[in-house]
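S.K.: coords please:
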Amino acid sequence: MFKFLPFLFLLQFFSVVNAQNSIAIKGGIYDSNTKAPLSGATVYFSNVKDSTVIEYTTTDKNGLFKFNIKKYDKPFYLKINFMGYKSHVEKQNGILADKDFGKLYLSQNANELETVVIKNDAPPIRVKKDTLEFNATSYKVRPDANVETLLKQLPGVEVDNDGKVSVNGREVTQFLVNGKTFFDKDGAVVLKNLPADIISKVQVSDFKTKKEELSKQASTSDNSSINFTIDEKKNKGYFGKFLGGYGTDDRYEASFLLNYFNNKQKISLLASSNNINSTGFTMDDVFDSMGGGRNNRGGNNRGGGVTNGKGITESNLVGLNYNDEWSNNFLAMGSYNFSNTVTKNESKSNQANFLPTGTIFTESDSKTRNENTANKANFEFEYKVDPDTRIVFTPKVEQTRSNSLSESSSYSVDENELALNESKSKSYKENTATNFGNTINFNKAFEKKSRNLSFVFNNNNTKSDSDALNVSETIFYQDGRPNDLRNQNGKTDNTSDSYSTDIEFIEPITDSLRIRLGSDFDWSNTVNDVKTYDYDASTDSYSVLNGALTNYTTSRQNSITPKVGLTFEKNKFSFNLNSRTSIVDFDNHSFYLNKNTDLNQKYILPYGSAQIRYTLDRTKGLTIRYEYSNSLPSSDQLLPVANLSNPLNSIIGNPNLDTNKKNSVNINYRNFDMRTRSGYGLYARGDFFDSEIVSISNYDASGKRITTYKNVSGTYSTSIGGNWGQSIKNDAHVVRYGLGLNGSYSLDKGFTNDVLYDAKSLGVSPRVHMSYDYGELLTVAPSYSLSYSESRYTNSSLDASSNVVHKINLQTTSYWPSNWILGNDFGYTYNSNISDDFKKDFYLWNTSLSYVFLNKAMALKVKVYDILNQNQSATRTISPTTIRDEENTVLKRYVMFSLSYKLGSFGGNNRPKGRMMGGDDSNRQF
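M.R.: Reported below is the predicted structural model:
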């Protein structure tokens, strides 16, 4: 815990500084006739010059509001809005000290009382309980903009150069449309394809699990969810986009997206096909499916986007999504996805394995072709039995087929360049898998507030079969070990079934205190049948059973886990305490070399967690979490049965293993200032192991190893960091800039040749980024990041190792002259310590030029990927016992010519035209 003291002192320092610069604002909102307090009225300050929101809040049940802001010496408006009442606007010349606005009265709006439709000055921001709501029409975007562009205009919302969205410092991990998923919850399809001009509201709330949502529990997540509400006038119509392109080296891309809305019914169809490493549907308006720059998504592959640089992928995708309300009490959602990918890759690597008294150096190369075909269907049905009872049923079915062809070779020497072993292999494998999963959520709310009963049932059933051919030769040069020659056919049948039930009852003790009682019931069973047949030349068939590579194993777990929890919520403070004990019956069986091995073990595993959350206001908050957990070893780690599938590494389990026992601490603090549009976040995390399962590797004189497992104690992994950012707007000029710093420190332990080693690793990753927008004409976004890693070893032939990676990126987009769009992504990567066999640095420069016409419905585009033809994929990976340098096949320079067409109609006008400017928004064509 002492490791986190600097973080706590830093947190206290920032809190003191903020307190010195902030002033307190308060007042009360009442009905002018009845003098009754108005609860839930929106109160906000906005800049007189450009209407930028400075700060906002809502009134409590007594009609009172109170918040803190920094001193402000410019004119601003105090605005108050409440449904059914006339808006209150009051100009102030600045505010430099605490102020009590006293009692403010709102008059009822006679027009609204008489149900006459009027055009009110809707507030740009409303706060409804735990939801922050933006009025989309209050924020100006280009007529052809998508919702990602809209988000960038909202106060407190940031979209970084990698496409990650955060609101008031909290990352958004779920995106919904009219409260429902749009293909996926991570926003990959929504952000780039949903038009901004059909959105009426953007609603931000805390991310909740389905159980928390149904039971109306407070969220325990530090992430947010965004829901886009479509304007009722435009919630009837369609929109879509078609794209086709062809280029040099036979590169191609094609895609289309069609969406149909009819009030509560929504049907979407998408498809894509390309051979430029884009495996999803995350198209950018400037570069379409081309990766390597702004489409790289920071490497987290959102929505199955651009691949990770290992090989060249040809991808085909078809998706169908359906949402509807079949009745007032029954909601239905479903989706189907077909995907087919073929990836070809050639790889070479240099690896050093460090032993207590020496080092093994291995050079290897491989050539692979992998094909995967998948059919996935997901459904969600929600039935409201009555206002207090809901059932949600979410089945899913998946069927996959894959095949892989691989050729590889390796050569190993010791530190004296004495040959140890070499190997060559060629294999072909086919695999088929079918999976059925299902979740049933039942929730019953009672008349007594906060009393609740929930029942959650999950099942997951998987069956897979594989058929593999393997021809390999492994030559050992030392110790007189015989060479290993294989020509085999391996067949594997695997069946895995798991079922779980979660029952929980919540009883309120007071308005602020609730107790939770329940139990989890879990059952799982896995059967793995592996058969290997050697080639018989006399019959020209694979018919001789190889007993050493044939094994039949089963693993079954049964557990009962009673649990109890407390939740306390009062004003800005919440506290959650959870405790559970899992009683586990773990049975493992193996039939190997005509011998039965049974390992039956019972465990009593305690778990506990606590969370404290203090919310100063909607833009500032502190969360502290602690968790104690246990995890069982796998059956492979326990069963004392040899796995000889790798000629250079034999693996055997250890039946005396203890569980993994871990203490985890997580601290997060965020602070965002609406007035300056600046904010920062700080975090500290740590995992401390009382017991951790690690591998033991013993090498013989020829470099062949035998691996087993053992428990160690005292290992840990910690990280600390933060980020700061600010946005400045002056007329048409908008500048966003920020910096981040992440650090990590860990201690790993293991055994090599029966000698205990430890590795202490340090990592530091600073990052700075900026973007500049000039109205709707120009965007410039440079960024720089550095990653430094260092490891120090004991009882190893290597004392220390380190690596530095520099990355520079510059993204520019110009929308001038009219109807022309020019985009450039320029990146530079330098890898300092990679071996001399690999190039240390490279440039990646992509450019795109497009011309839009037919009322901006059609675009003609030319794109160039890797203009300088320097792209490469050379990486260095450092672990406690190895350093590995690796290079893989990557896309090289190509030119792509493409044509795209957008269409759409909303508000009942069904003429299929392109996008048009002006006119009645309710019937806008595009």
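
S.K.: Next secondary structure after the helix or strand residue 724 falls within?
M.R.: Following DSSP states H and E, one finds residue 724 within strand 716-730. Read in the C-terminal direction, the helix or strand following strand 716-730 is strand 733-752, with elements assigned using DSSP H and E.

S.K.: Run the angle between that following strand and strand 716-730 for me.
M.R.: With axes from the mean of the first three to the mean of the last three CA atoms, to 10 degrees defining the directions, strand 733-752 sits at 170 degrees from strand 716-730.

S.K.: how many neighbours does residue 340 have?
M.R.: The criterion is other CB atoms under 10 Å. On that basis, residue 340 has 16 neighbouring residues. The way it works is simple: take the backbone N, C-alpha and C, and place the C-beta from them, glycine included.

S.K.: Pretty sure it sits against residue 400.
M.R.: No. Contact status for residue 340 versus residue 400: not in contact, 10.5 Å apart, counting by CB atoms under 8 Å.

S.K.: need the helices for this protein, in chain order.
M.R.: Under the criterion DSSP state H, helices of the chain are mapped to 5-21, 110-113, 147-153, 190-193, 210-215, 635-638.

S.K.: out of everything not next to it in sequence, what's closest to residue 194?
M.R.: Nearest residue to residue 194 in three dimensions, chain neighbours excluded: residue 147, at 4.7 Å (CB to CB, 6 or more residues apart in numbering).

S.K.: residues in contact with the one you found?
M.R.: Residue 147 sits next to 190-191, 194-196, 199, 202, 228 when contact means CB atoms under 8 Å, 6 or more residues apart in numbering.

S.K.: Can you pick out the most distant pair from the residues you listed?
M.R.: Within those, two members stand farthest from each other by CB to CB: 195 and 202, at 13.6 Å.

S.K.: ok so, going back, can you name every helix or strand that the strand holding residue 724 contacts?
M.R.: strand 678-699, strand 733-752 (3 or more CB pairs under 8 Å, 6 or more residues apart in numbering; DSSP states H and E).

S.K.: For that strand, list the C-alpha coordinates in CSV.
M.R.: Extracted C-alpha coordinates of strand 716-730, given in CSV (Å, rounded to 0.1, in the frame of the first residue of the first chain):
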residue,chain,number,x,y,z
TYR,A,716,3.2,-8.1,-8.0
SER,A,717,2.3,-5.8,-10.8
THR,A,718,1.7,-2.1,-10.3
SER,A,719,0.9,0.9,-12.5
ILE,A,720,0.3,4.6,-12.0
GLY,A,721,-0.5,7.4,-14.4
GLY,A,722,-2.7,10.2,-15.5
ASN,A,723,-3.8,12.4,-18.3
TRP,A,724,-4.7,16.0,-18.8
GLY,A,725,-6.4,17.8,-21.6
GLN,A,726,-8.0,21.1,-22.6
SER,A,727,-10.0,22.5,-25.4
ILE,A,728,-9.9,26.2,-26.4
LYS,A,729,-12.5,27.7,-28.8
ASN,A,730,-12.2,31.2,-30.3
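
S.K.: in its sheet, what does it sit against?
M.R.: Each strand that strand 716-730 pairs with, and the sense of that pairing, follows from DSSP bridges: strand 678-699 (antiparallel), strand 733-752 (antiparallel).

S.K.: Ok, which of the helices and strands packed on strand 716-730 comes nearest residue 268?
M.R.: For these, the distance to residue 268 is smallest for strand 733-752, at 31.7 Å, taking CB to CB.

S.K.: In the closest one, which residues have enough neighbours to count as buried?
M.R.: Of all the residues in strand 733-752, those buried under the rule 16 or more other CB atoms under 10 Å are 734, 736-738, 740, 742-752.

S.K.: again, but for stretch 683-697
M.R.: Going by neighbour count (16+ other CB under 10 Å), the buried part of stretch 683-697 is 683-694, 696-697.

S.K.: Now the residues you listed in TSV, please, with extra columns for distance to residue 179.
M.R.: Putting these into TSV (distance: CB to CB, whole Å) gives the following:
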residue	distance to residue 179
683	30
684	35
685	33
686	37
687	36
688	41
689	42
690	44
691	44
692	43
693	43
694	46
696	52
697	52
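
S.K.: Just the closest of these to residue 291, please.
M.R.: Using CB to CB, residue 683 is the member of the buried residues of stretch 683-697 that lies nearest residue 291, at 29.4 Å.

S.K.: what residues are up against that closest one?
M.R.: 666-669, 719-722.

S.K.: Which of those ranks first by neighbour count?
M.R.: Going by other CB under 10 Å, residue 669 tops the contacts of residue 683 with 24 neighbours.

S.K.: taking the mean pLDDT, what do you get for stretch 236-246?
M.R.: Averaged over stretch 236-246, pLDDT sits at 91.

S.K.: buried stuff in that stretch?
M.R.: Of the residues in stretch 236-246, those scored as buried under the neighbour-count criterion (16+ other CB under 10 Å) are 236-241, 243, 245.

S.K.: Distance to residue 156 for the residues you listed - can I get that in a markdown table?
M.R.: Shown next, in a markdown table, are the buried residues of stretch 236-246 (distance: CB to CB, whole Å):
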| residue | distance to residue 156 |
| --- | --- |
| 236 | 31 |
| 237 | 31 |
| 238 | 32 |
| 239 | 28 |
| 240 | 32 |
| 241 | 30 |
| 243 | 33 |
| 245 | 37 |
